[in-house]
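Novice: Fold the following and give me the result.
(4 chains)
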Protein chains: 2
Amino acid sequence: MQEKRPTEAEMAILGVLWSHGASTVRAVHAVLEPERGIGYTTVLKLLQIMLDKGLVERDASKRSHVYAASVERAAIQHALVDDLADKAFGGSTASLVMRALSSEHASPTDIAEVRAFLDQLEGADEA
Amino acid sequence: MQEKRPTEAEMAILGVLWSHGASTVRAVHAVLEPERGIGYTTVLKLLQIMLDKGLVERDASKRSHVYAASVERAAIQHALVDDLADKAFGGSTASLVMRALSSEHASPTDIAEVRAFLDQLEGADEA
DNA sequence: AACAAAGTACGAAACTCTTCGTTGACATCT
DNA sequence: AGATGTCAACGAAGAGTTTCGTACTTTGTT
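Specialist: Predicted coordinates for the structure are as follows:
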């Protein structure tokens, strides 16, 4: 069983791999450098560490190795949410959700989206 | 402006202070020792660090200092949720919420709770 | 072949977090 | 007063994370 729960820097890299697909170190660096001022070798090192941890896979058949996420975005998101629920909400997912929805960052659009999602969820239950 | 975002161990201590109210080091330790096997001096040190950071206040007028949380539970929960939304959900609170609700840890009871909360939220909007 | 460009690998430094041992102060009991 | 117990303060160690400089390798160009 593998350890879930990437660190902050690892999440930034996974974010790139998830949205851009398999990428070279250079490509990942090109995305991350402007938004976080991170060096090339830092990205490389992180990817090597993540390879050790099993968070990414790589194709080393060409000179520029190509890295791809080997964990699913949804799985990691679940792990992080459950972890936060445990640490800060006594394990209650419902508390976490309600707190999230009462944030000023939750727009009416967010609320509507969530409600639609909920309708769909319950519809599936009854079917 | 103060740094929000307690670490994991700090959250455990804040949890005790929030639910038990102001407490001595010994009292906090009594709660945390069984569930996490943490030493007395570790709790003390953590509380001293948290005092520096402004996460707790203390009354040192008696021999056994009494510590109290100086941040609100809701505020910290908000900060942590927003932080997670940024790091793992591209800043979208709605995505985070939906992911939380689709977890196997979200029971039908949780769903019902959230729906009720949503009804109330929208009711308030329309009023 | 020599040189430059682009890559990977490695090691180490700087930080943060967590942990606890040790020390010295103070209090209590006999 | 002396012994015992309780407490705060401090320092330091170990682990994990993030960072990058340096060195070595491979490829391409002249």
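
Novice: pLDDT weak spots in chain A?
Specialist: Residues of chain A meeting the criterion pLDDT under 70: A:1-3, A:124-127.

Novice: Go again with 90.
Specialist: For chain A, applying pLDDT under 90 flags the ranges A:1-4, A:103-110, A:119-127.

Novice: DNA strand C contacts on that one?
Specialist: Taking C-beta under 7 Å from any atom of the strand, the part of chain A that reaches DNA strand C is made up of A:Thr24, A:Val25, A:Arg26, A:Tyr40, A:Thr41, A:Leu44, A:Lys45, A:Gln48, A:Ala60, A:Arg63, A:Ser64, A:His65. Glycine gets a C-beta too; all of them are placed from N, C-alpha and C.

Novice: Give me the subset of the residues you listed lying in strands.
Specialist: The strands, defined by DSSP state E, take in A:Thr24 from the residues of chain A next to DNA strand C.

Novice: any chance of the residues of chain A next to DNA strand C in TSV, with neighbour count and distance to A:Lys4 too?
Specialist: Output for those, formatted as TSV (neighbours: other C-beta atoms under 10 Å in any protein chain shown; distance: C-beta to C-beta, whole Å):
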residue	neighbour count	distance to A:Lys4
A:Thr24	17	25
A:Val25	21	24
A:Arg26	11	28
A:Tyr40	14	27
A:Thr41	10	26
A:Leu44	16	23
A:Lys45	13	21
A:Gln48	15	19
A:Ala60	10	25
A:Arg63	6	32
A:Ser64	11	28
A:His65	15	24
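
Novice: TSV please, covering the residues of chain A next to DNA strand C and showing distance to B:Gln120.
Specialist: Below are those laid out as TSV (distance: C-beta to C-beta, whole Å):
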residue	distance to B:Gln120
A:Thr24	50
A:Val25	49
A:Arg26	51
A:Tyr40	51
A:Thr41	52
A:Leu44	50
A:Lys45	49
A:Gln48	50
A:Ala60	55
A:Arg63	59
A:Ser64	55
A:His65	53
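
Novice: Show me the residues of chain A next to DNA strand C that map onto helices.
Specialist: Using DSSP state H, A:Val25, A:Arg26, A:Tyr40, A:Thr41, A:Leu44, A:Lys45, A:Gln48 are the members of the residues of chain A next to DNA strand C that sit in helices.

Novice: residues in contact with the fifth one?
Specialist: With contacts taken as C-beta atoms under 8 Å, 6 or more residues apart in numbering or on different chains, A:Leu44 has the following neighbours: A:Val25.

Novice: change it to 10 Å
Specialist: With contact taken as C-beta atoms under 10 Å, 6 or more residues apart in numbering or on different chains, A:Leu44 is in contact with A:Val25, A:Arg26, A:Val28, A:His29, A:His65, A:Tyr67.
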